[in-house]
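Novice: no sequence for this one, just the structure:
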């Protein structure tokens, strides 16, 4: 029984020590990898944004074209 109490106390002390321990400095490789991943994510987001803009422009042009047909009363091309 006393061994289990000691184990619990030991775990508590270890957790307190870990909580107040300074974080280990990152290695240069880890920093480089992290920076590369950030840049990849930024590039992917930019590409997605550009694709969305292109799609919106295309839809806007289609709507403008269709509105022009309706304003002219040229319903023959719409079925």
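Specialist: Ah, there it is. For clarity, every value in this text was computed on a predicted model and none was experimentally measured.

Novice: starting at the chain centroid, how far to the one helix or strand residue 31 maps to?
Specialist: Taking DSSP states H and E as the criterion, residue 31 maps to helix 28-72. Going by Cα atoms, centre = their mean, to the nearest Å, the spacing between the C-alpha centre of helix 28-72 and its chain's C-alpha centre is 14 Å.

Novice: spatially central residue for the protein, please.
Specialist: Taking Cα atoms, centre = their mean, the centroid of the chain lies closest to residue 41, which sits 6.8 Å from it.

Novice: look up how far residue 32 lies from it.
Specialist: Distance from residue 41 to residue 32, counting by Cβ to Cβ, to the nearest Å: 15 Å. Heads up, the C-betas are built off the backbone N, CA and C, glycines and all.

Novice: what's the answer for residue 16, then?
Specialist: Residue 16 sits 34 Å away from residue 32, taking Cβ to Cβ as the criterion.

Novice: again with residue 64
Specialist: 48 Å.

Novice: over to residue 21?
Specialist: From residue 21 over to residue 32 (counting by Cβ to Cβ), the distance is 25 Å.

Novice: for residue 49, same thing?
Specialist: 26 Å.

Novice: same check on residue 58?
Specialist: Distance of residue 58 to residue 32, computed by Cβ to Cβ: 39 Å.

Novice: any stretches of this structure with poor pLDDT?
Specialist: Judged by pLDDT under 70, the chain has its weakly predicted residues at 1, 69-79.

Novice: if we use 50, what do you get?
Specialist: For the chain, applying pLDDT under 50 flags the ranges 79.

Novice: residue 23 is in what secondary structure piece?
Specialist: With DSSP H and E as criterion, residue 23 is part of no helix or strand.

Novice: next up, phi/psi of it, please.
Specialist: Per-residue torsions, residue 23: phi -70, psi 150 (degrees, to the nearest 10).

Novice: much appreciated, bye for now.
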